[in-house]
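S.K.: Next comes the sequence, and after it the predicted model I'd like to discuss.
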Amino acid sequence: MNRRITAPLIAAFLGIGTLLPGVMAAPAVAASDSLVKQPVAVGTGGAVASVNLLATAAGIRVLREGGNAVDAAVATAAVLGVVEPFSCGIGGGGFMIIYSARDGKVTTIDSREKAPQAFRADSFIDPATGKSISFPEGVTSGLGVGVPGTLMAWQSAVDRFGTRSLSRLLKPAIDIADDGFAVNPVFALQISQNASRFQDFTSTRALYLPTGSAPAVGSVFRNPDLAKTYRQIAEDGPDAFYDGPIAGDIVNTVQHPPTVPGITRNVRPGLMTEDDLAEYEVVAREPVATTYRGLQIFGMGPPSSGGSTIGESLNILEGFNLRDMTRTQALHRYLESTRLAYADRGKYLGDPDVVNVPLTGLLSKDFAAQRRALIGPTAATSPVAPGNPFPFQQDVSAAGDETDRESVSTTHLTVADRWGNIVSYTFTIEQIGGSGMVVPGRGFLLNNELTDFEFTPGLANSPGPGKRPRSSMSPTIVFSNGRPVVALGSPGGSTIITTVLQLLVDQVDFGMTLPDAIAAPRVSQRNTSRSTAEPAFLASPEAAGLQALGHQFSRMDEIGAATGIAFLPDGVFEAAAEPVRRGGSSAMVVRPASGD
């Protein structure tokens with residue numbers, strides 16, 4: 001079967017980069033003894049930033065051997081599927097933004113999971129009670145599993161923009177899955193946090209809790225089943241996953257969850273069929289574009305709410321001179337801008353192939369001015385009402401109360417190469433540990449992405465057959481006069497949007513470097529009664545000043561885990577990742593600057 005990307009909004013790009021012969025060399029040693037994890041790297045030749053040292057190293061190796069940014073991004077992502085399996089992998093989906101330096105264009109690949117064709121608006125309604133099932137029951141089930149899109153995104157990106165075959169790019173991940181890698185504290189902690197779920201499934205228990213508890217930090221963890229799965233994909237292509245034996249195993253897991261006999265958990269079966277997998281396609285969508293203080297911001301459009309909500313917030317903030325304000329006054333406006341933008345997000349954002357999303361109106365500068373006028377000297381009371389963007393749908397000036405249930409299961413990577421190509425890629429399995437179900441004999445967890453739908457019928461983001469649930473993922477690339485300035489993104493559920501927005505405001509309005517912006521304490525307002533804030537922010541004088549303005553806060557230990565690349569003069573890259581969050585992340589460049 002010749003599977004192709006669908007492109008209803010933009011024409012296909014020309015290929016980028018240069019194809020060099022030769023097979024990729026073996027990856028860095030799985031124990032990572034010879035590698036040094038650092039949150040910032042400066043140099044030339046290309047750059048990679050991700051949450052994991054081995055993944056970043058795999059991407060850098062591709063760049064050093066002549067591959068381009070897309071090649072390196074796919075190799076990095078494949079390794080992340082091995083070493084960060086509770087955040088991402090081929091059992092999930094995501095959004096990729098690609099900048100082609102050759103023709104100066106930006107495209108996006110939507111590989112968001114889809115609901116099965118048998119899924120209906122009331123599929124999360126318990127017929128016995130007439131009420132929605134509980135959110136935890138939707139998460140740990142076959143019912144919450146969406147049709148995965150990650151692998152198709154990798155193949156589509158390589159086919160259109162890459163210079164290496166997918167089989168070659170999977171080799172580092174295969175070797176690490178076979179040989180094993182050293183368990184770090186985050187890996188062990190995430191298993192422990194999910195132990196009550198994982199132990200209820202035979203396949204998940206066997207892989208992650210073989211002794212009844214999480215593997216010890218420093219021990220070597222191997223996943224031969226995932227190596228076998230990757231190897232089969234490398235040999236037979238994605239059809240093995242979408243039309244072949246892997247598809248049958250996925251559907252069997254969804255329809256007949258591999259539960260341990262005698263458990264008390266109610267694990268609902270799902271509705272996915274092999275036809276749902278066979279019919280899945282990624283979509284090339286037009287990026288969301290807006291401007292902010294002379295910069296051009298490119299983000300992900302619906303079904304992601306990231307690009308539009310960030311764009312609307314920036315449009316609101318553009319009417320304020322934040323630089324001349326105190327930090328407290330500027331942060332007040334930052335929080336109020338997202339309070340308003342999240343109200344609009346909750347009302348209007350959904351799958352654009354199913355619902356009418358007034359994207360032009362939401363990104364209108366005039367609509368932003370109308371919303372900006374609602375910001376007063378003190379904090380508004382949430383939930384604030386959504387605005388009406390429909391009267392602004394012809395405006396060409398544009399270039400509900402949520403919980404933290406999405407947690408930090410997502411991951412983000414950023415890659416740039418020596419030719420100027422850029423990839424900003426966020427992908428996920430939704431909850432930490434996804435559905436909790438490892439596909440038996442295949443070594444990967446399935447997502448619980450359909451719980452991103454509103455469980456209530458009749459809303460923009462209600463479930464439906466073949467529908468993609470709304471997402472917050474916000475991969476972003478920023479340009480100045482057509483030249484890249486920074487590319488970045490973050491995991492973090494519904495806090496992704498505010499994390500990326502805060503990174504942009506910190507750099508543009510407050511003059512922070514990318515590393516300093518990533519390290520700065522975070523605060524997130526999503527049209528809720530309380531803004532979520534990290535401990536370091538709560539201890540700041542700005543927090544006290546905001547409380548005096550009526551803002552209330554709840555604590556979250558960590559918000560997001562960002563990575564990014566800043567493009568400095570003379571072809572110099574500054575790759576940056578988290579110094580502390582998630583145990584610290586990894587940034588590398590091909591040729592480090594002297595002293596780096």
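M.R.: Perfect, I can see it now. Numbering: from 1, shown residues only.
S.K.: how near is Pro389 to Leu314?
M.R.: Distance of Pro389 to Leu314, computed by CB to CB, to the nearest Å: 15 Å. C-beta coordinates here come from the backbone N, C-alpha and C atoms, glycine included.
S.K.: pLDDT weak spots in this structure?
M.R.: 1-34, 395-409, 595-596 (pLDDT under 70).
S.K.: So what's the gap between the longest strand belonging to the chain and the chain middle?
M.R.: Ranked by residue count and defined by DSSP state E, the top strand of the chain is strand 40-50. Relative to the centre of its chain, strand 40-50 is centred 20 Å away, using CA atoms, centre = their mean, to the nearest Å.
S.K.: now stretch 236-254
M.R.: 24 Å.
S.K.: Can you mark which positions in it are buried?
M.R.: 237-244, 246-247, 249-254 (16 or more other CB atoms under 10 Å).
S.K.: returning to that earlier point: how about the helix or strand just after the longest strand of the chain: buried residues?
M.R.: Next helix or strand after strand 40-50 toward the C-terminus (DSSP states H and E): helix 53-64. Buried residues in helix 53-64, counted by 16+ other CB under 10 Å: Leu53, Leu54, Ala55, Thr56, Ala57, Ala58, Gly59, Ile60, Arg61, Val62, Leu63.
S.K.: pretty sure the first one is touching Pro39, no?
M.R.: No - under the criterion of CB atoms under 8 Å, Leu53 lies out of contact with Pro39, with a separation of 10.9 Å.
S.K.: Find the residues that touch each one of these two.
M.R.: Residues within reach of Leu53 and of Pro39 at once, by CB atoms under 8 Å, 6 or more residues apart in numbering, are Ser586.
S.K.: need the contact list for the nearest residue to Pro391 once chain neighbours are set aside.
M.R.: The shortest distance from Pro391 to any non-neighbouring residue, by CB to CB, 6 or more residues apart in numbering, is to Gly361 (7.2 Å). When contacts are counted by CB under 8 Å, 6+ apart, Gly361 touches Phe367, Pro389, Phe390, Pro391, Phe392, Gln393, Asp395.
S.K.: Among these, find me the one that's closest to Gln190.
M.R.: Pro389 (39.1 Å; CB to CB).
S.K.: Which phi and psi values does the closest one adopt?
M.R.: phi -80, psi -10 (degrees, to the nearest 10).
S.K.: any idea how far it is from Gly361?
M.R.: Separation of Pro389 from Gly361 (CB to CB) stands at 3 Å.
S.K.: for Val183, same thing?
M.R.: 49 Å.
S.K.: Also Ser586?
M.R.: On the measure of CB to CB, Ser586 and Gly361 end up 40 Å apart.
S.K.: Asn447 too?
M.R.: 31 Å.
S.K.: do Gly493 as well
M.R.: 26 Å.
S.K.: Which strand residues bridge His412?
M.R.: Counting by DSSP bridges, His412 forms beta bridges with Thr426.
S.K.: Correct me if wrong: it contacts Thr428.
M.R.: No - taking CB under 8 Å as the definition, His412 is not a contact partner of Thr428, at 9.3 Å.
S.K.: What are the contacting residues of the helix or strand Phe367 falls within?
M.R.: Using DSSP H and E, Phe367 maps to helix 365-372. Here helix 365-372 makes contact (CB under 8 Å, 6+ apart) with 312, 315-316, 318-320, 337, 340-341, 344, 361, 387, 389, 392, 395, 397-398.
S.K.: What are the buried residues along that helix?
M.R.: Lys365, Phe367, Ala368, Gln370, Arg371, Arg372.
S.K.: From the centre of the chain outward, give me the first residue you hit.
M.R.: Nearest residue to the geometric centre of the chain (CA atoms, centre = their mean): Thr426, 3.0 Å.
S.K.: Report the separation between that residue and Val147.
M.R.: The value you get for Thr426 to Val147, if CB to CB is used, is 18 Å.
S.K.: again with Ile133
M.R.: Distance, Ile133 to Val147, using CB to CB: 20 Å.
S.K.: Look at the two and report which has more neighbours.
M.R.: Just comparing Ile133 and Val147: by other CB atoms under 10 Å the higher neighbour count belongs to Val147, 29 against 20.
S.K.: and the more buried one, what is it in contact with?
M.R.: By CB under 8 Å, 6+ apart, the residues touching Val147 are Glu113, Lys114, Ala115, Pro116, Met272, Asp276, Leu277, Tyr280.
S.K.: any idea how far it lies from Leu271?
M.R.: From Val147 to Leu271 the distance is 10 Å (CB to CB).
S.K.: what about the helices in the stretch 351-500 of the chain?
M.R.: 359-362, 365-372, 496-508 (DSSP state H, counting those that start in this stretch).
S.K.: which helices and strands does the longest one pack with?
M.R.: Pointing back at helix 496-508 there. Applying 3 or more CB pairs under 8 Å, 6 or more residues apart in numbering; DSSP states H and E, one finds that helix 496-508 contacts helix 306-317, helix 327-348, strand 476-480, strand 483-489, helix 514-519, strand 523-524.
S.K.: Show me the one of those that comes nearest Thr563.
M.R.: strand 483-489 (6.9 Å).
S.K.: which parts of the closest one are buried?
M.R.: Pro484, Val485, Val486, Ala487, Leu488, Gly489.
S.K.: how much space between the last one and Phe320?
M.R.: Spelled out, it's Gly489. On the measure of CB to CB, Gly489 and Phe320 end up 25 Å apart.
S.K.: The third one now?
M.R.: Note on Val486: its distance to Phe320, by CB to CB, is 22 Å.
S.K.: same thing with the second one?
M.R.: When distance is defined by CB to CB, Val485 is 21 Å away from Phe320.
S.K.: next one: the fourth one
M.R.: In this structure, Ala487 lies at 26 Å from Phe320, with CB to CB as the measure.
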